[in-house]
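*Asks:* Okay, structure incoming, though there's no sequence with it:
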């Protein structure tokens with residue numbers, strides 16, 4: 001119990017400090033690195049809560065894809081961050097208003113009614129295609145989430161996948177550059193090529209080269 005408490009305070013303190021440094025660091029590359037550190041500590045907190053699936057998703061998706069993508073974009077683009085900071089005081093009232101609204105929402109959420117789930121009890125589900133209508137407490141966190149996600153919420157899961165697919169296609173179409181003479185692959189022309197059209201045998205005397 002003492003080790004668990006020590007790990008919780010360690011992860012929580014590091015996570016809060018890293019989140020603060022994300023917005024306080026002057027170098028954007030350092031901000032992204034602190035963001036990655038915050039993600040890792042958040043994953044550690046999820047492991048302490050017994051949600052190992054969420055911890056792995058946080059590390060694989062956010063650290064392995066999103067945060068690293070941010071890091072490479074910031075490092076590769078030649079951005080004049082000094083120029084971007086100009087006019088900060090001009091947008092300070094709007095930013096303060098948005099921050100105040102978010103703070104009020106967080107206070108309302110934290111002060112609202114909370115619920116505690118007893119993980120030792122089975123969770124009843126409706127419209128389950130399986131033989132049993134309950135989730136066994138012996139199942140792991142990943143198995144229980146998969147059982148609920150691919151049975152009761154399969155329609156919403158498929159709709160979310162379709163929306164992400166359309167968004168990905170739209171992003172590709174928006175960033176696709178059109179050229180007047182693009183180099184495209186012609187499969188029919190490649191299959192119709194003969195050896196005589198591609199290879200030419202030239203006889204040269206020894207020592208004369210080409």
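*Replies:* Cool, got the structure. Values in this document were obtained by computation on a predicted structure and should not be read as measured data.

*Asks:* Not including adjacent chain positions, what is the nearest residue to residue 18?
*Replies:* Sequence neighbours aside, residue 38 is the residue nearest to residue 18 in space, at 3.9 Å (criterion: CB to CB, 6 or more residues apart in numbering). Using the backbone N, CA and C atoms, a C-beta is placed for each residue, glycine as well.

*Asks:* Tell me how far that neighbour lies from residue 102.
*Replies:* Here the criterion is CB to CB, to the nearest Å. By it, residue 38 lies 18 Å from residue 102.

*Asks:* Kindly report the same for residue 169.
*Replies:* 32 Å.

*Asks:* circling back to that earlier point, what's the neighbour count on the residue nearest to residue 18?
*Replies:* Residue 38 sits with 22 neighbouring residues when counted by other CB atoms under 10 Å.

*Asks:* Could you give me the buried positions within the helix or strand where it lies?
*Replies:* Assessed by DSSP states H and E, residue 38 sits inside helix 28-48. Buried positions in helix 28-48, judged by neighbour count with 16 or more other CB atoms under 10 Å: 28, 31-46.

*Asks:* just checking, what packs against it?
*Replies:* Secondary-structure packing of helix 28-48 (3 or more CB pairs under 8 Å, 6 or more residues apart in numbering; DSSP states H and E): helix 2-24, helix 52-57, helix 68-76.

*Asks:* how about those helices in a markdown table, adding mean pLDDT and mean neighbour count?
*Replies:* What follows is the helices and strands packed on helix 28-48, written out as a markdown table (pLDDT from 0 to 100; neighbours: other CB atoms under 10 Å):
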| stretch | mean pLDDT | mean neighbour count |
| --- | --- | --- |
| helix 2-24 | 87 | 13 |
| helix 52-57 | 83 | 16 |
| helix 68-76 | 72 | 13 |
